[in-house]
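A.B. asks: Below is the structure, and that's it, no one-letter string:
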């Protein structure tokens with residue numbers, strides 16, 4: 001009976017994915033989709049993908065506490081290895097002084113004049129990159145011109161060269177290692193709008209008059225990043241190491257409602273390797289809202305030729321705050337079970353977990369100036385300030401155990 005179920009799911013999922021990749025409308029009813037999600041939950045499925053650990057990418061920046069005297073980025077990377085994770089997301093922006101989100105026990109001595117390639121050779125990053133991760137995500141937000149109207153050719157050429165140089169370095173340095181680097185950016189729609197506050201909450205028919213410049217600059221910026229990656233890959237030829245380029249959307253439902261967005265106004269006019277969606281806006285008890293949103297992204301997304309037609313959608317920046325809204329052990333388990341069910345049915349390659357250490361305080365501060373207590377934090381964590389495992393991590397311990405079978 002179990003084998004019959006697996007075969008039937010495979011047939012349904014195969015037709016489903018083919019439909020998505022060709023822009024067809026989903027042939028399944030809401031009831032059928034919810035049944036598939038429910039049966040694909042790790043709590044109900046006897047067999048999980050063997051690579052489940054590599055699908056879960058854990059963010060590390062802006063944690064509000066540390067547990068050792070190591071530089072915090074190294075501490076967190078070691079802890080992820082210890083917990084069994086094989087994928088990590090790193091903040092990789094251009095700054096003067098300490099890297100954003102990595103202050104504890106750190107003396108980076110970075111400068112904005114350093115190239116992305118230079119940053120990859122920094123001792124802190126180098127130590128993390130040499131750890132046995134199979135997927136390493138570098139978050140790079142620098143260079144978008146916003147609403148600027150002046151010619152951006154020189155800036156775009158610099159961006160293309162930086163991504164080319166970084167990609168070529170990674171492919172050469174790690175060419176014989178089974179590791180994938182994903183160069184991405186975060187909250188693309190917030191960048192498009194110029195921020196995330198109430199003043200930039202666009203409504204249908206009331207978008208700013210400079211929207212055409214914002215959209216054009218976003219398209220040009222993403223294209224420049226991708227061109228740099230493409231050029232380096234073409235020059236390096238075959239390597240075991242892989243480098244991909246991605247962008248992230250975070251106002252998906254505004255786009256569905258007809259408001260200009262990365263998904264509707266930018267993606268159809270670019271070719272990118274992968275798309276990440278800050279999927280917290282897609283939460284629901286049954287997973288249906290998130291499932292349909294992924295379909296919508298795939299309809300708009302045009303992958304590069306390098307991806308051979310595969311439309312990789314990443315669920316980004318996702319988590320559930322254990323210290324808010326009267327959450328319980330059971331409610332946290334149910335949240336992750338639904339999300340993992342959606343991920344399985346939709347064949348999601350990566351899920352970006354919000355953080356190893358909680359990076360959001362209840363008072364809204366993100367300054368890393370002291371070790372915060374659990375009561376001060378919202379609870380987006382795998383490991384709590386006292387070093388114990390969260391409900392989320394206990395859930396994934398069980399998932400990892402199933403994935404080994």
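C.D. replies: Sure thing, it's come through. Please read all numbers here as calculations on a predicted model, not as lab measurements.

A.B. asks: quick one: secondary structure of the residue nearest the centre of the chain?
C.D. replies: For the chain, the residue nearest the mean C-alpha position is residue 316 (3.6 Å; C-alpha atoms, centre = their mean). At residue 316 the chain is in strand, as set by DSSP: H, G, I helix; E, B strand; the rest coil.

A.B. asks: low-confidence ranges in the protein?
C.D. replies: 1-25, 403-405 (pLDDT under 70).

A.B. asks: Can you show me the helices along it?
C.D. replies: In the chain, helices defined by DSSP state H lie at 2-21, 30-39, 52-55, 72-83, 116-120, 123-129, 153-173, 188-193, 211-236, 252-256, 288-300, 329-345, 391-403, listed in chain order.

A.B. asks: These: which one's closest to residue 181?
C.D. replies: Closest to residue 181 of the helices of the chain is helix 153-173 (C-beta to C-beta; 5.2 Å). From N, CA and C alone the C-beta is placed, and that goes for glycine too.

A.B. asks: could you give the angle of the closest one to helix 211-236?
C.D. replies: Going by axes from the mean of the first three to the mean of the last three C-alpha atoms, to 10 degrees, helix 153-173 is angled at 30 degrees with respect to helix 211-236.

A.B. asks: which residues touch helix 153-173?
C.D. replies: Outside helix 153-173, the residues within contact range by C-beta atoms under 8 Å, 6 or more residues apart in numbering are 115-117, 120-121, 143, 145, 181, 183, 220-221, 224-229, 231-233, 235-236, 239, 241, 243, 245.

A.B. asks: likewise stretch 362-370?
C.D. replies: Contacting residues not belonging to stretch 362-370 are listed as 62-64, 72, 101, 103-104, 323-324, 359-360, 376-378 [C-beta under 8 Å, 6+ apart].

A.B. asks: gap between the two ends of that stretch?
C.D. replies: End-to-end distance of stretch 362-370 (C-alpha to C-alpha, to the nearest Å): 15 Å.

A.B. asks: still on that earlier bit, from the contacts of helix 153-173, which would you call buried?
C.D. replies: Burial by neighbour count, judged by 16 or more other C-beta atoms under 10 Å, picks out 116-117, 120, 143, 145, 181, 183, 220-221, 224-229, 231-233, 236, 241, 243, 245 from these.

A.B. asks: Neighbours of residue 253, how many?
C.D. replies: Using other C-beta atoms under 10 Å, residue 253 has 14 other residues around it.

A.B. asks: residue contacts, it?
C.D. replies: Contacts of residue 253 were listed using C-beta under 8 Å, 6+ apart, and they are 281, 282, 293.

A.B. asks: do residue 313 as well
C.D. replies: With C-beta under 8 Å, 6+ apart, residue 313 has these contacts: 274, 275, 276, 277, 294, 297, 298, 301, 346, 348, 349.
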